[in-house]
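In: Quick one: sequence plus predicted model below, questions after.
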Amino acid sequence: MVGTGLVRRILVDTGADSNILFRNVFDAMGLKESDLKNHQHGVMGLGDNYIKPDRMISLPICLGAGDTRRSVMADFEVLRDSTAYNIILGRKTINEFSAVICTKFLTMKFVTDKRTVGTIRGDLEAAVACKNASLSLRKESKKAASIFLADLDIRMEDKPRPEPEGDMEKFQIGKSAEQFTFVNRNLPQELKGPLMEVVRANDDLFAWTPSDIPGLDPEVMSHWLAVKPNAKPVAQQRRKMSK
């Protein structure tokens, strides 16, 4: 249960920081614009695409029923784009449920309100259908693929940070593909075209590597490590990454 409705096709994604609620599901659940709250941060997707949420909403999530029931409040980023899933459940909420996931058996165990262990199981047919639909979407649209593993920028400051409006698209400035910046994809062409040309004409103002800015005075900008002069260097134990 999410809010007051039963929602299917939920992707439980331990690789995502944020919970995602897509706009078509928001409308189907009968939620109102007045329920949305402003949010200062955006979402970065897999394809280096910046995604601006409509805003965010807090909704209760309930797993299980009866004695194996557990409810928590969760914040959702509302996105207009849609995928094969209705909701993406991120790592923070998974941790709040103290959940353990077994992908092989499509099973999630969690701690209930009565401090017992509850279990929910996924629908294999629905999982296969979502996977196939996801592959189709990724082939058809890089934009759709970019939000499957969304990562919320969690940097916090005392003052709101300025954020670009609307969805951003990447365009190349220099000679190599790594030399790029972003422009609002929804700008009128008569404005976006000249803007991109002006940026490209002034590509010498961009520094891509330290060698592009030789002779920089350390008084202007420098980087230093706060290390005690008498500190003894310590070699950490080797760590192996699982394949």
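Out: Structure received.
In: Give the buried residues for the strand or helix carrying Asn24.
Out: Assigned by DSSP states H and E, Asn24 belongs to helix 23-28. By neighbour count with 16 or more other C-beta atoms under 10 Å, helix 23-28 contains the buried residues Val25, Phe26. Using the backbone N, CA and C atoms, a C-beta is placed for each residue, glycine as well.
In: model confidence over that helix, on average?
Out: What helix 23-28 shows for mean pLDDT is 82.
In: Can you name every helix or strand that it contacts?
Out: Applying 3 or more C-beta pairs under 8 Å, 6 or more residues apart in numbering; DSSP states H and E, we find helix 23-28 packed against strand 70-79.
In: Which element, helix or strand, includes Ala16?
Out: Under the criterion DSSP H and E, no helix or strand holds Ala16.
In: Give me the pLDDT for the closest residue in space to it that isn't next to it in sequence.
Out: Nearest non-adjacent residue to Ala16, counting by C-beta to C-beta, 6 or more residues apart in numbering: Gly90, 4.1 Å away. Looking at Gly90, its pLDDT is 86.
In: Tell me, how many residues neighbour Gly90?
Out: 26 (other C-beta atoms under 10 Å).
In: what domains does the record give for this structure?
Out: What the record gives for the chain is the domain set 10-152, 168-209, from automatic domain parsing.
In: from these, which stretch is densest packed?
Out: Mean neighbour count (mean count of other C-beta atoms under 10 Å) peaks for domain 10-152 among the domains of the chain, with a mean of 16.
In: hmm, back to that, next one: the residue nearest to Ala16 from Glu96, what distance?
Out: Separation of Gly90 from Glu96 (C-beta to C-beta, to the nearest Å) stands at 10 Å.
In: ok so, going back, would you convert the domains of the chain into CSV that also reports distance to His223?
Out: Listed next are the domains of the chain as CSV, based on distance: least, C-beta to C-beta, whole Å:
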stretch, distance to His223
domain 10-152, 25
domain 168-209, 15
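In: Which of those sits closest to Arg239?
Out: domain 10-152 (20.4 Å; C-beta to C-beta).
In: can you give me the offset of that closest one from its chain's centre?
Out: Mean-position distance between domain 10-152 and its chain equals 11 Å (C-alpha atoms, centre = their mean, to the nearest Å).
In: in this protein, which spans are helices?
Out: Remark: helices assigned in the chain by DSSP state H are 23-28, 91-96, 124-140, 142-145, 189-201.
In: Could you tell me the least trusted of those?
Out: helix 142-145 (a mean of 44).
In: contacting residues around the closest residue to Gly5 other than its chain neighbours?
Out: Of all residues not flanking Gly5 in the chain, Met29 sits nearest, at 5.2 Å (C-beta to C-beta, 6+ apart). By C-beta atoms under 8 Å, 6 or more residues apart in numbering, the residues touching Met29 are Val2, Gly3, Thr4, Gly5, Val7.
In: export the helices of the chain to JSON lines and tack on distance to Ala74?
Out: Below are the helices of the chain laid out as JSON lines (distance: least, C-beta to C-beta, whole Å):
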{"stretch": "helix 23-28", "distance to Ala74": "14"}
{"stretch": "helix 91-96", "distance to Ala74": "5"}
{"stretch": "helix 124-140", "distance to Ala74": "21"}
{"stretch": "helix 142-145", "distance to Ala74": "24"}
{"stretch": "helix 189-201", "distance to Ala74": "37"}
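In: For Gly174, find the nearest of these.
Out: Closest approach to Gly174 among those (C-beta to C-beta): helix 189-201, 8.6 Å.
In: would you put the C-alpha positions of the closest one in PDB?
Out: The C-alpha trace of helix 189-201 is given here as PDB (Å, rounded to 0.1, in the frame of the first residue of the first chain):
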ATOM      1  CA  GLN A 189      14.900  26.700 -31.200                       C
ATOM      2  CA  GLU A 190      15.300  30.400 -32.200                       C
ATOM      3  CA  LEU A 191      16.800  30.900 -28.700                       C
ATOM      4  CA  LYS A 192      18.600  27.600 -28.100                       C
ATOM      5  CA  GLY A 193      20.400  27.600 -31.500                       C
ATOM      6  CA  PRO A 194      22.100  31.100 -31.100                       C
ATOM      7  CA  LEU A 195      22.900  30.400 -27.500                       C
ATOM      8  CA  MET A 196      24.700  27.100 -28.300                       C
ATOM      9  CA  GLU A 197      26.700  28.900 -31.100                       C
ATOM     10  CA  VAL A 198      27.800  31.700 -28.700                       C
ATOM     11  CA  VAL A 199      29.000  29.100 -26.200                       C
ATOM     12  CA  ARG A 200      30.900  27.100 -28.900                       C
ATOM     13  CA  ALA A 201      32.500  30.400 -30.300                       C
END
